[in-house]
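Colleague: build me a model:
(one chain, ligands or ions: 2)
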Amino acid sequence: MPPPSGPRDPIAGLDTPQSPFPLKLSGEVIKGFGRGSAELGIPTANIPISGLDVGGHSDLASGIYYGWSALTIASPSPTTTIYPMVMSLGYNPYYKNTVRSVEVHIMHDFESDFYGARLSLSILGYIRPEYDYVSKESLIDDIRTDIKVAEKSLEREAYKAWKEDGWLVRGGKEEEDS
Ligand SMILES: Cc1cc2nc3c(=O)[nH]c(=O)nc-3n(C[C@H](O)[C@H](O)[C@H](O)COP(=O)(O)O)c2cc1C
Ligand SMILES: Nc1ncnc2c1ncn2[C@@H]1O[C@H](COP(=O)(O)OP(=O)(O)O)[C@@H](O)[C@H]1O
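Modeller: Numbers count the residues shown, from 1 in each chain. Ligands and ions are numbered 1, 2, ... in the order given. The predicted model follows:
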C-alpha cells in the first residue's frame with residue numbers, strides 16, 4: 001500500500017496512552033539486514049521478534065510505534081540509559097522482507113554500535129501503518145517525520161511520566177521479591 005498524499009498529523013494519539021499501551025518488549029540487539037545506516041542514514045537496532053511472544057503480544061499489528069527505550073550496556077559495569085525511540089514492526093514493504101522484524105531507531109547519536117546490548121521498550125502509541133514507497137527518499141522523509149511526531153507526542157505529561165517507569169529503569173527486569 002502506498003502512503004496517503006497530503007500533510008501528516010504532527011502528533012499521534014490522545015493525550016494519555018490508551019489500551020493496550022504501554023506494552024513492554026525486551027531483547028538482545030542482533031544484526032538486521034544492514035540497510036539502516038548504509039542505505040537510509042537511519043540506524044535501527046533489531047531485537048528478536050520472539051520477544052513479542054514472551055510478552056504475549058504476538059498478535060500486535062505491524063506498523064510504526066513510539067515510546068521510551070532503555071539501553072543496557074554490560075561492560076565495564078552494567079549501565080542503563082533511557083532514550084526516546086520509534087519502532088517499526090513488520091515486513092518493510094519497501095524491501096519486501098519475508099520475515100517480520102522489530103527495528104528500533106533510538107533518538108540519540110551514538111559514537112559506536114552496541115550489538116549484544118539489552119534493549120527494553122515501553123511502547124506508548126501507534127503512529128501509522130507500514131507503507132511501500134516509490135523511492136528511498138520518500139521512505140526516508142516519512143521516517144524523519146515519524147521521529148518528529150514521536151518527539152512531540154512524548155512531550156505530553158502522561159507520556160513523559162513513563163520515562164521513569166521502574167521496569168524500564170531496571171533495564172527490562174521485573175521487580176525482585178524482597
Ligand atoms: C520509524 C520507522 C518507520 C519505518 N517505516 C517503514 C515503512 O513504512 N515501510 C518500509 O518498508 N520500511 C519502513 N521502515 C523500515 C526501514 O525500511 C528499515 O529500518 C530498513 O530497511 C533498515 O533495516 P535493517 O536495520 O534491518 O537493515 C521504517 C523504519 C523506521 C525506524
Ligand atoms: N541511534 C541509533 N539507533 C539504533 N541503533 C543504532 C543507533 N546508533 C547506532 N546504532 C547501532 O547501529 C546498528 C544498526 O545499524 P543498521 O545499519 O541499521 O544495521 P543492521 O540493521 O543490519 O543491524 C544497531 O544495532 C546499533 O548497534
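Colleague: tell me the secondary structure for the residue positioned nearest the centre of the chain?
Modeller: Centrality entry for the chain: nearest residue to the mean C-alpha point is residue 87, 2.4 Å, by CA atoms, centre = their mean. The three-state assignment at residue 87 reads strand, by DSSP: H, G, I helix; E, B strand; the rest coil.
Colleague: separation between it and ligand 1?
Modeller: Applying CB to the nearest ligand atom, to the nearest Å, the value for residue 87 to ligand 1 is 7 Å. Bear in mind the C-beta positions are built from the backbone N, C-alpha and C, glycine included.
Colleague: who are the packing partners of the lengthiest helix in the chain?
Modeller: Determined from DSSP state H, the single longest helix within the chain is helix 136-154. In terms of contacts (3 or more CB pairs under 8 Å, 6 or more residues apart in numbering; DSSP states H and E), helix 136-154 is packed against strand 63-73, strand 79-90, strand 118-128.
Colleague: could you check the angle the last one makes with helix 136-154?
Modeller: Regarding strand 118-128 and helix 136-154, their directions subtend 100 degrees when assessed with axes from the mean of the first three to the mean of the last three CA atoms, to 10 degrees.
Colleague: what is the mean pLDDT for strand 118-128?
Modeller: Per-residue pLDDT values across strand 118-128 average out to 98.
Colleague: ok, the residue in the chain that ligand 1 sits nearest to to residue 95 distance?
Modeller: Ligand 1 sits closest to residue 32 of the chain, with a gap of 2.6 Å, by CB to the nearest ligand atom. Noted for residue 32: a distance of 11 Å to residue 95, by CB to CB, to the nearest Å.
Colleague: buried stuff in the lowest-mean-pLDDT helix or strand in the chain?
Modeller: Ranked by mean pLDDT, DSSP states H and E, the helix or strand of the chain with the weakest confidence is helix 50-54, at a mean of 86. Using 16 or more other CB atoms under 10 Å as the burial criterion, the residues of helix 50-54 that qualify are 51, 52.
Colleague: what does the chain have sitting close to ligand 2?
Modeller: For the chain, the contact set with ligand 2 under CB under 6 Å from any ligand atom comprises 29, 31-34, 36-38, 43-46, 105-106, 108, 110, 113-115.
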